[in-house]
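**Q** Have a look; sequence and predicted model below, questions after that.
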Amino acid sequence: MAGEFSVGSIVSRLKLDKKGWDTAVKDVEKQQQTMASFAKKHSEAIKTMGRTMTIAGGIIVGSLGFMVKKASESQETFAKFGTVFKDVIGDANESAKNLAENFGFQIWQQRLYCLVLGIY
C-alpha cells in the first residue's frame with residue numbers, strides 16, 4: 001500500500017502469577033476436608049437432632065389440631081346448652097355472673113354448677 005511505513009513493533013509479554021490462586025484452592029480444599037470430617041464425626045448427632053426436630057414439629061402440629069378440635073367441641077356444647085335451656089338462660093347467665101364475681105368460677109364451671117344444683 002502506497003504511503004504506509006512501519007516505525008517498529010511492540011512486543012508484549014503477559015505473565016500470570018497463579019501463586020495466590022493455588023493458595024486459595026488449597027485453603028478451600030482444607031476447609032472442605034474439615035467440613036467433611038466434622039459431618040462424618042457428628043453424623044449421628046445430626047441425625048438425632050433432625051429426628052428430634054421432626055418429632056417436636058409433629059407434636060406442635062398435633063397439639064394445635066387437638067386444641068382446635070376441643071375449641072369446636074366446647075362451642076358446640078355451649079350452643080346445645082343455650083338450645084336446651086333457652087327458657088331459663090337469662091336466670092342461668094345471672095347465676096353464672098354471680099358465681100364469677102363472688103367465687104371466681106370459669107364460665108364452664110358456672111354452667112355446670114348451675115345445672116347440677118338446679119340454680120336458675
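**A** Nice, thanks for sending it over. Numbering: from 1, shown residues only.
**Q** contacts and neighbour counts: CA atoms only from here.
**A** Fine.
**Q** got the contact list for Val61?
**A** Val61 makes contact with no residue, according to Cα atoms under 8 Å, 6 or more residues apart in numbering.
**Q** ok, then the element right after the lengthiest helix in the chain?
**A** Longest helix in the chain, counting residues (DSSP state H): helix 43-84. Following helix 43-84 in sequence order, the next helix or strand is helix 89-103 (DSSP states H and E).
**Q** so which strand or helix has Asp27?
**A** Per DSSP H and E: Asp27 is located in helix 19-41.
**Q** tell me the angle of the longest helix of the chain relative to helix 19-41?
**A** Counting by axes from the mean of the first three to the mean of the last three Cα atoms, to 10 degrees, helix 43-84 points 60 degrees away from the direction of helix 19-41.
**Q** so helix 43-84 versus helix 89-103, what angle?
**A** Calculated by the same axes, to 10 degrees, helix 43-84 forms an angle of 130 degrees with helix 89-103.
**Q** Appreciated, that's everything.
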